[in-house]
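just the structure for this:
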Amino acid sequence: MTVDRKSAPLSVLIVDDEINIRKTLRVALESRGHWVVAVSNARDAQAEADRQVFDLAFVDLRLGTSSGLDLIPALLGACPWLKIVVITAYASIDTAVEAMRRGAADYIPKPFTPEQVELVTERAAAVRSMEQRIAALKEDLERLHPEATFSSQHPAMQRAIELARQVAPSEAVVLLRGPSGTGKTVLARAVHGWSRRADKPFGVVFCPTLSPELLESELFGHVKGAFTGALSDNPGRVAASEGGTLFLDEIGALPLLMQPKLLRFIQDREYERVGDPRTRKADVRIIAATNTDLDRAVKEGRFREDLYYRLNVIQIDLPPLCERPDDVETLAKDMLRFFGAQNHKVFRGFSGEALSALRNYVWPGNIRELRNVIERAAILCATEVVDLEYLPASMATHPSPIRLGDPVSLEVIEENHVRRVVASTKSLQEAADILGMDQATLWRKRKQYGI
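Residues are numbered from 1 along each chain as shown. Purely as a prediction, here's the structure:
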């Protein structure tokens with residue numbers, strides 16, 4: 001396996017006390033498009049590894065009065081996935097075995113040729129790329145989902161997809177906005193896949209699930225003993241996403257205490273691990289998503305204005321599924337094929353009644369709810385055509401989506417609006433805030449409409 005240097009350059013650290021060796025290695029590596037830092041001693045090597053993330057390190061076994069063998073565990077502690085190639089003029093089986101035992105990935109004796117350097121570099125790059133792909137596949141398997149369909153008959157969705165394709169090759173921060181379940185995570189993955197960073201990691205941090213302390217550790221990492229339960233070093237999602245993309249889901253729930261730290265990272269690409277004062281750097285693109293009104297959050301003091309402006313460089317709005325009835329059929333058929341194969345069944349499609357119910361349903365849970373409905377139907381249906389009986393009972397009698405300007409009463413519009421807001425929010429308080437009513441009034445409305 002060879003490496004395309006134009007699309008996958010490596011960050012390389014050279015540690016050797018001979019200046020000619022450092023120069024030779026630098027020229028050989030930089031001519032292949034790699035980014036190189038060269039130092040002469042273990043102390044400077046450790047400082048560079050603490051400051052930024054490397055993919056590969058060439059380490060001399062004899063560094064003046066210190067040993068390169070002792071440096072190997074320290075470098076791996078700073079960056080667990082680092083591939084270390086030991087170089088020495090005193091090659092022997094014993095030193096090779098000891099270097100491998102301490103974590104080195106390869107070994108070349110001095111004097112070496114440019115071809116040998118190229119070979120071990122390609123080998124290290126191939127292994128690192130494979131590790132990243134395996135990690136990505138593991139995440140995909142854990143949240144198995146139908147293949148994304150990036151086509152739509154709805155103008156707003158068409159604009160969103162086209163804008164996402166346009167900005168993907170850039171390094172701009174992207175903010176995806178839309179109700180829960182509209183496909184923001186899927187689109188974020190697509191932007192990463194269409195970008196120059198596609199062969200690098202795609203990390204995900206779901207902001208609402210953790211306390212500020214644990215969220216900081218998840219994002220930036222921590223050192224052993226930084227807090228109760230920190231039994232080992234954790235490099236964090238930022239370091240693990242080096243060279244790739246970090247997706248911050250539901251950024252509107254980011255605690256205020258964390259917001260200046262994220263702002264600093266977006267601006268300067270610098271951060272510190274919890275419990276470690278050393279400043280580190282990382283090359284990571286940020287994509288964020290939210291289902292909340294960040295403009296309102298800024299006005300209410302729940303979200304920093306400066307962070308909002310840094311995140312909102314490119315804003316992409318995803319419309320709710322109820323506004324895209326023409327897309328429901330296409331999405332449903334794609335999902336039915338996927339879940340049919342997953343359950344070892346072959347389906348020819350939906351009956352006319354089932355399709356009508358799917359198109360007319362208001363989909364408060366958006367694409368996520370559609371996925372659940374189709375997965376349920378694929379499991380329960382014993383025939384080749386999914387009929388109405390295999391859809392939730394509420395869908396058969398549910399009213400068609402109401403749009404502003406339709407010839408209906410204000411009461412009907414209110415009912416539909418209340419249903420959609422309650423379905424798309426995480427708590428009654430949040431729904432009441434959006435609707436501009438107190439919880440007691442909302443409770444009465446829910447009782448009146450049977451929500």
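
now do the SS call for Glu389.
The assignment at Glu389 comes out as helix when based on DSSP: H, G, I helix; E, B strand; the rest coil.

number of nearby residues for it?
Other residues near Glu389 come to 13 when the count uses other C-beta atoms under 10 Å. The way it works is simple: take the backbone N, C-alpha and C, and place the C-beta from them, glycine included.

all strands for the stretch 1-150 of the chain, in order.
Along the stretch 1-150 of the chain, counting by DSSP state E, counting those that start in this stretch, strands occupy 11-15, 35-39, 56-60, 62-63, 66-67, 83-88, 106-109.

wait, the stretch 151-300 of the chain
174-177, 202-206, 245-249, 270-272, 279-281, 285-290.

contacts for the third one next, please.
With contacts defined as C-beta atoms under 8 Å, 6 or more residues apart in numbering, strand 245-249 is touched by 184-185, 188-189, 191-192, 195, 197, 200-207, 237-238, 254, 262, 284-289.

test my guess that Val39 contacts Ile19.
No. Between Val39 and Ile19 there is no contact under C-beta atoms under 8 Å: 11.2 Å.

the two: which is more packed in?
With neighbours defined as other C-beta under 10 Å, Val39 and Ile19 compare such that Val39 has more, 19 against 10.

pLDDT score for Ala105?
Ala105 carries a pLDDT score of 87 in this model.

could you measure from it over to Asp55?
Going from Ala105 to Asp55 by C-beta to C-beta, to the nearest Å gives 11 Å.

ditto for Asp106
Taken as C-beta to C-beta, the span from Asp106 to Asp55 is 13 Å.

which residues do those two both contact?
With contacts defined as C-beta under 8 Å, 6+ apart, the residues adjacent to both Asp106 and Asp55 are 83, 124.

the two - which one has more neighbours?
When Asp106 is set against Asp55 and neighbours are counted by other C-beta under 10 Å, the residue ahead is Asp55, at 23 against 20.

what's the burial count for Ala156?
Neighbourhood size, Ala156 [other C-beta under 10 Å]: 15.

buried residues in the lengthiest helix in the chain?
Once the chain is assigned using DSSP state H, the helix that runs over the most residues is helix 114-142. Burial within helix 114-142, assessed by neighbour count using 16 or more other C-beta atoms under 10 Å, is assigned to 117-118, 120-125, 127-129, 132, 136.

ok, stretch 151-164 next?
So, applying 16+ other C-beta under 10 Å, buried residues of stretch 151-164: 152, 157, 160-161, 163-164.

just those: which are in helices?
Per DSSP H, the buried residues of stretch 151-164 map to helices at 157, 160-161, 163-164.

from those residues, which is closest to Glu30?
Distance from Glu30 was checked for each of those by C-beta to C-beta. The minimum falls on Ala164, at 34.0 Å.

for that closest one, give its distance to His154.
Where His154 is concerned, Ala164 sits at a distance of 15 Å (C-beta to C-beta).

gap between the closest residue to Val191 other than its chain neighbours and Leu187?
On the basis of C-beta to C-beta, 6 or more residues apart in numbering, the spatially nearest residue to Val191 that is not a chain neighbour turns out to be Ala168, at 4.7 Å. Using C-beta to C-beta, one obtains 10 Å as the distance from Ala168 to Leu187.
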